[in-house]
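Student: Fold the following and give me the result.
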Amino acid sequence: MYCVYYQAHIKRDGCGFLVSLLRSFEHLAFDRTIDKQTSLFEFFVPEDQEKHFLELAVFLQQQGIILTLEKMENRLKDPQEIV
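Tutor: The predicted structure follows:
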């Protein structure tokens with residue numbers, strides 16, 4: 001079973017806050033920086049936590065911390081993808 005997958009651009013000075021906030025919730029999402037220059041993050045979200053993740057994401061968008069958020073196909077499903 002694969003997690004639901006999201007990518008987001010984060011306001012540069014909000015990255016630390018976002019990571020700390022996500023880590024305060026147990027099993028909400030695993031985050032990783034894809035591109036440090038553009039503050040592009042990826043999030044692996046367990047299906048049963050997606051509703052809670054999106055509630056938090058909407059709040060963070062309203063606060064201007066998450067600039068874009070896009071649900072995508074989980075890139076780990078592709079056997080050719082280099083992790």
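Student: Buried ones in stretch 39-57, by neighbour count?
Tutor: 39, 41, 42, 43, 44, 45, 46, 49, 50, 53, 56, 57 (16 or more other C-beta atoms under 10 Å). (Glycine included, C-beta is placed from N, CA and C.)
Student: For the residue nearest to residue 67 when sequence neighbours are not counted, which three-state class applies?
Tutor: Ranked by C-beta to C-beta, 6 or more residues apart in numbering and with sequence neighbours excluded, the top spatial neighbour of residue 67 is residue 9, at 4.4 Å. Assigned with DSSP: H, G, I helix; E, B strand; the rest coil, residue 9 falls in the strand class.
Student: Report the contact partners of residue 9.
Tutor: If a contact means C-beta atoms under 8 Å, 6 or more residues apart in numbering, then residue 9 has 38, 39, 40, 41, 66, 67, 68 as its contacts.
Student: same thing but at 7 Å, please
Tutor: Residue 9 is in contact with 38, 39, 40, 67, 68, counting by C-beta atoms under 7 Å, 6 or more residues apart in numbering.
Student: which of the residues you listed lies closest to residue 80?
Tutor: Minimum distance to residue 80 across these is 20.5 Å, recorded for residue 40 (C-beta to C-beta).
Student: Can you name the residues bridging to the closest one?
Tutor: Assessed by DSSP bridges, residue 40 has beta-bridge partners residue 9, residue 35.
Student: Show me where the chain has its helices.
Tutor: For the chain, the helices defined by DSSP state H cover 15-23, 50-62.
Student: still on that earlier bit, could you single out the nearest of the buried residues of stretch 39-57 to residue 77?
Tutor: residue 44 (11.6 Å).
Student: Tell me who's in contact with the nearest residue to that closest one once chain neighbours are set aside.
Tutor: Spatial nearest neighbour of residue 44, excluding adjacent residues (C-beta to C-beta, 6+ apart): residue 3 at 4.0 Å. Going by C-beta under 7 Å, 6+ apart, residue 3 touches 44, 45, 46, 74.
Student: Take those residues and keep only those in strands.
Tutor: 44, 45 (DSSP state E).
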